[in-house]
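Colleague: predicted model and sequence below, questions to follow.
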Amino acid sequence: MAARPLYPFAEIETRARALWEREDLFRARLEGPGRKFYALMMFPYPSGHLHVGHGRNYILGDALVRYRLMRGDRVLSPMGWDAFGLPAENAAIQGGKHPRLSTLANIARMKEQLQRWGCGYDWSREIASCHPGYYRWTQWMFLQLYRAGLAYRKRAPVNWCPSCATVLANEQVLDGACERCGTMVEPRDLEQWFFRITAYAQRLLDDLRLLDRWPERVLAMQRNWIGRSEGVELDFRISPGEEVVRCFTTRPDTVFGVTFVAMAPEHPILERVCAGNPRAGAIRAFAGKARRQNFVERTSADSPKEGIDTGVKVRVPLSGELVPLWVVNYVLPEYGTGAVMGVPAHDERDFAFAKAHALPVRVVIEPPDGIPPGGLAQAHVGEGRQVNSGPFDGLPNSEGWERIADAVEKEGVGRRRVTFRLRDWLISRQRYWGAPIPIVTCAACGIVPVPEESLPILLPPDVEFRPTGESPLARSPEFVETSCPKCGGKARRETDTMDTFVDSSWYFLRYLSPRDTARPFDRALLDAWLPVDQYIGGVEHAILHLLYARFFTKVLHDLGHVGFDEPFGALFTQGLITKVAYQCPEHGWLPAGPSLEARVAGGTRTCPEPRHERFEAPPELRVSLHKMSKSKGNTVPPEPLIERFGADAVRLYTLFVGPPEKEAEWDDASVVGQYRFLARFHDLVRSLAPVPAGGDPKGAKGAFDDLRRAAHSALRSVSEAFEGDFHFNTAIATLHTLADRIGKAAPAAEAPADRAALREAALLAVRMLAPFAPHLAEELWSSMGEKGSVFRRAWPAYDPALAKSREVEIALQVNGKVRSRLVVPSDAAEEEIRSRALADERVREWTAGRPIAKTVVVPGRLVNFVLR
RNA sequence: GCGAGAGUGGCGGAACGGCAGACGCGCGGGACUUAGGAUCCCGUGGGGAAACCCGUGCAGGUUCGAGUCCUGCCUCUCGCACCA
C-alpha cells in the first residue's frame, strides 16, 4: 500500500551515509590548520527510544556541525550516554533485565536512531557514564572534592516512600507523592553525602556576567536559583539567660516593629528552651508534628501557619524590648538561621500569623499616604518613613536600613550578612545503578577515602534489587566488606552511589581523551579546546545540570587541573516540542495516534474506549498540548515518518517548525510539505544535471542576472542564520523560494553565460541545503558532476555586490497609505526616485494638486508624500 | 508575589521603525486520472460589485510612517516562591 516515493530517498540516504563513513567525515582533527570548534549536544539518558522531540536538539546541532565543517573548522562533535539512573533500575526491580544489559541495548538502539536521522558524530569518542572506564574518573572527581573539603557527610532528611520502601530523589517526588505509586512521601533522616556548592555561590553568581552568549532566561533562572539576598543577622538574647536566637532579616529597618520571634521546629536551641519549661511537653509535641509534615505541606504558600508560644521571652536588639519566642511550622531550618523576627506590620506572613494568634501589630514604617485610622488592614511592605523607631524616626526607611545595620554592628548585637537560597548539593542515592562513592568507614580510622590507585570501585554484578530503603549494594557482602586503606583493619564500604548529575558535570572534559586510562583528562587538550564553542540542549537543564557543571569546572580550575573556569562559552537552549495529548476522565492519557486524531478532527470528542464504568456514556476527552512524553502518550517516533518521507524531510520539518528557541507543536501532517519540496528540488536538479560546467555566469543577463542575485542573497541570509540565532526556519523558507526561482528560470537558459548562472545557482542551493538535508544534497552534488563529498567543499562566500537585486519595487505612499508602486534600479538616486514618483499617475490623482508639505524618500523602500 | 518570555489569517509561523501575513500545513477551484487520502497548477486575512475601507490582545503616546519604540492595562506560557 506504500505509495511510490516522490524521489528515491531510501537509496540516496543509505548511499550518503556510506560515503560519510568511508570519508570518516566526523572524525575530529584535534590539531592542524583551521579554527577549533567544539560543538556539544547534551548527552541523552538512554531511555530506549528517541522521539521527534529529541530530534530538535540533535538535528539543530548536526546542521551547525556540518556548516562548521564546510567552513573548514576543526570540528569536535562527540556523543555519549548519561547512562546511570533510576529508570533502568526500576525496570530491573519489576523483573526486567539487569540495568547494565538494558542500558547497553538501549544505547545500541538509540545510536542507530541518531544515525538514521543523519546526525554525525565522532563515534570513536563515544562515552557512557556507566562504563567503569568512565565512572572510575567520576569517583576520582569525588576524591578531588573530598580533599578540597568540598565533600562532606551529614545527617539529612530524605524523601521516603513507605509503599515502595525506598528513598526517592527530589525529582521523583511530584507534588509530594511518589512518582511511581502515588503514595505521599515522608521525611526521614539518613547520613548523606553533600558537595559544598554553597562555597561557590558568589562566584557562580558573579561569573554569570561573563556568559554573554547564554540566553537571558537561563541566566535569570540561575540567578534566581542561587538567590542571593543581603541582610542583617540579629541576636535576640533569651531573657533571663545567655542563649542567643539568631535571626536573619532583609529588613533591619523594621526591627522596632518586632512583636515576636519565630523559629523552626528543627532549631538546635529548641531542647534548651524546653529544659525546665512547664510547656515542654506541648512544645515537643508540636515540633515533632511539624517536623513530620511532608515537604509540600510544609512549604506551600497557602498551608496553615501554625505555631506554639514557648513562654520564653527574648530581647529585641536596640529597643531592648521583650517579646515572646514561638516555634512555628512555616520557618525553614535550612534557610538563613532557622529563625526569623516577626514584624506583623511589614511582612505579610507575620501579619497573618499575628492576626491568627492575637499578637500585636506595631507600625514602624509609615506608608506614604499615612496610617489608616483603624490600623493596617494588611502588612505594609513598601517604602516609607521610620516611626516608633527611637533615634531613627523620620528617616526614609532605605536610610533607616543602613543606619540600623550600622547601629547593631556597633553594639555587637548583629552583623551584615549575605545569604543564599542555594543549598549544598545532596549527592547520595540509596541506589545500585550509579557510581559508588569511593569511601570506606573504618572502626579505627573513621571515614577514609579510597586511594586513587584503587579506583574504580566496581559495582558488583549480582545484587538483589528489591527495594528496602537502603542501597542494594548494602546487601552484597563482597562489596561491603573491605579493609581500611589506612590501617588495614576491617572496614565497610560506603554503599550509596552518586547522583547522576555528578556524571554529567564533567563528561564534556572526557571527550578529548575518552580512552585515557592514566588520567581523567588531558590538560593540554582541554586548555586548547575548552570552553565549548556551542552547547546545545533543552531548557529543562537550565538550572541544575548547568550549575553543577559550572561548579565542577571552577573546582577543577581552583585545584589547578584546568586553565579555564567556565565550561560553556555559548549556550543555545531549544524550545520543547509539544504535541496534542488526549485525556479521558476515566482512562487517563490515551496514546495519541492517527486514528484518535482523525476522530477528534472529525468532531467526535468522546472517549473511544469501549468500557465506561463511572460514566453512563463515553465522556469527552480533554485535548491539550504537552511536552512529548511517554506518560502522556503523545510521543512521535521518527521511524514511520522516515520510512514514508525520508530522514531529510523529517530533519527539514523539525527545523522548519518554528524558531528553535521557542516551543513548537509537532504536526505529522506538515512533514509532507518539506517532502514535496525535497522531491521537487531533486527532480529539478536532476533535470539540470546535463547542464555542463563552463561558461562565465558573470555574463548572465536579465532573468539570469536576477537569478544569480537571488542565489547570492539567499546565501547571505542562510550564512547569517548559522552565524547568528539559528533561525533555520526562515533559512529553509529562503531555500524554498530560491529553488522555485531556479525552476522557473531553467527552461529559458540558452546562452552559455545564462546556463552558467543557472548551474551556479543550483550548486549554491545544493550546498546551502547540505547542512539541513545532507543526504539529498550529497546525492545532487555528485549528480551535478562535482567530485567528493559536498561537506569537503568550502562553504561559499556570497558576493556582496550581487547579494541585492538589480531593481526594486518601492511603495508610493500619500499620507502614509500605499497608493501605487514603482520599479526603479536599486541604486537609483533619491532625486530620481522622487521625480519619478511625482510623475506617477496614481500619485497625481491622490495628491490632486494639493500642496505637498513634506516628501520622505527611503531608497529601496518607499516614498511618502505628506499633504496638508 | 518575584523573574523571564509571548499575544499577528483556520493552523505553525514571516516581517533593519518603511508595501503586514514570506515559507509551509490546511482549505477552495482546476488539471492529470478507472480512482485519488498521490502529484501538478491557480487561489486563499475580513468587508465590498467596485473604487476603496478595516485589520498584528486593549487604551493612549512618539513619528511623515508603529506588529516593531514609549506609558498604562489584559491574557497566556515558563522558572522560582511561606526564602525571612
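Modeller: Structure's in. What do you need?

Colleague: what is the least confident helix or strand in chain A?
Modeller: Ranked by mean pLDDT, DSSP states H and E, the weakest helix or strand in chain A is helix A:295-299, scoring a mean of 65.

Colleague: what does the helix or strand following that one rub up against?
Modeller: Per DSSP states H and E, the first helix or strand lying C-terminal to helix A:295-299 is strand A:307-315. By C-beta atoms under 8 Å, 6 or more residues apart in numbering, the residues outside strand A:307-315 that reach it are A:236-239, A:245, A:261-262, A:273-274, A:277-279, A:282-283, A:286, A:321-330, A:353, A:357. Where C-beta positions appear, they are placed from N, C-alpha and C, glycine not excepted.

Colleague: please indicate which of those are buried?
Modeller: Neighbour counting by 16 or more other C-beta atoms under 10 Å classes A:236-238, A:245, A:261-262, A:273-274, A:282-283, A:286, A:323-330, A:353, A:357 among the contacts of strand A:307-315 as buried.

Colleague: restricted to helices, list those.
Modeller: The members of these that map onto helices under DSSP state H are A:273-274, A:282-283, A:286, A:353.

Colleague: make a markdown table out of those residues and add distance to RNA strand B and pLDDT.
Modeller: Output for these, formatted as a markdown table (distance: C-beta to the nearest atom of the strand, whole Å; pLDDT from 0 to 100):
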| residue | distance to RNA strand B | pLDDT |
| --- | --- | --- |
| A:V273 | 17 | 83 |
| A:C274 | 21 | 87 |
| A:A282 | 19 | 90 |
| A:I283 | 18 | 91 |
| A:F286 | 13 | 89 |
| A:F353 | 8 | 89 |
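
Colleague: what's the most distant pair in those?
Modeller: Pairwise distances across those (C-beta to C-beta) peak at 21.5 Å, for the pair A:C274 and A:F353.

Colleague: my guess is A:P638 contacts A:Q115, does it?
Modeller: No. Checked against C-beta atoms under 8 Å, the pair A:P638 and A:Q115 is beyond contact range at 11.7 Å.

Colleague: who has more neighbours out of those two?
Modeller: A direct count of neighbours by other C-beta atoms under 10 Å for A:P638 and A:Q115 places A:P638 higher, at 21 against 16.

Colleague: tell me who's in contact with the more buried one.
Modeller: Counting by C-beta under 8 Å, 6+ apart, A:P638 touches A:50-52, A:55, A:113, A:116-117, A:647, A:650.

Colleague: reformat these as CSV; add secondary structure and distance to RNA strand B.
Modeller: As requested, these are exported to CSV (DSSP: H, G, I helix; E, B strand; the rest coil; distance: C-beta to the nearest atom of the strand, whole Å):
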residue, secondary structure, distance to RNA strand B
A:L50, coil, 21
A:H51, coil, 17
A:V52, helix, 13
A:G55, helix, 15
A:Q113, helix, 24
A:R116, helix, 22
A:W117, coil, 19
A:A647, helix, 17
A:V650, helix, 13
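
Colleague: ranges for the helices of the stretch 101-250 of chain A?
Modeller: A:132-147, A:201-206, A:216-226 (DSSP state H, counting those that start in this stretch).

Colleague: looking at the ones you listed, which is buried most?
Modeller: Most buried of the helices of the stretch 101-250 of chain A by mean neighbour count (mean count of other C-beta atoms under 10 Å) is helix A:132-147; its value is a mean of 21.

Colleague: quick one: average pLDDT of it?
Modeller: Helix A:132-147 comes out with an average pLDDT of 97.

Colleague: could you say what helices and strands it packs with?
Modeller: Where contact means 3 or more C-beta pairs under 8 Å, 6 or more residues apart in numbering; DSSP states H and E, helix A:132-147 is packed against strand A:446-449, helix A:500-503, helix A:507-510, helix A:544-558.

Colleague: quick one: contacts of that helix?
Modeller: Identification of contacts with helix A:132-147 by C-beta under 8 Å, 6+ apart yields A:84, A:127-129, A:151, A:195-196, A:435-439, A:449-450, A:452, A:455-458, A:498, A:502-503, A:505-507, A:510, A:515, A:517, A:520-521, A:552, A:555-556, A:559, A:561.

Colleague: buried subset of these, written for ChimeraX?
Modeller: This is the ChimeraX syntax for the buried subset of the contacts of helix A:132-147, where burial follows 16+ other C-beta under 10 Å:
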select /A:84,127,128,129,151,195,196,435,436,437,438,439,449,450,455,456,457,498,502,503,505,506,507,510,520,521,552,555,556,561
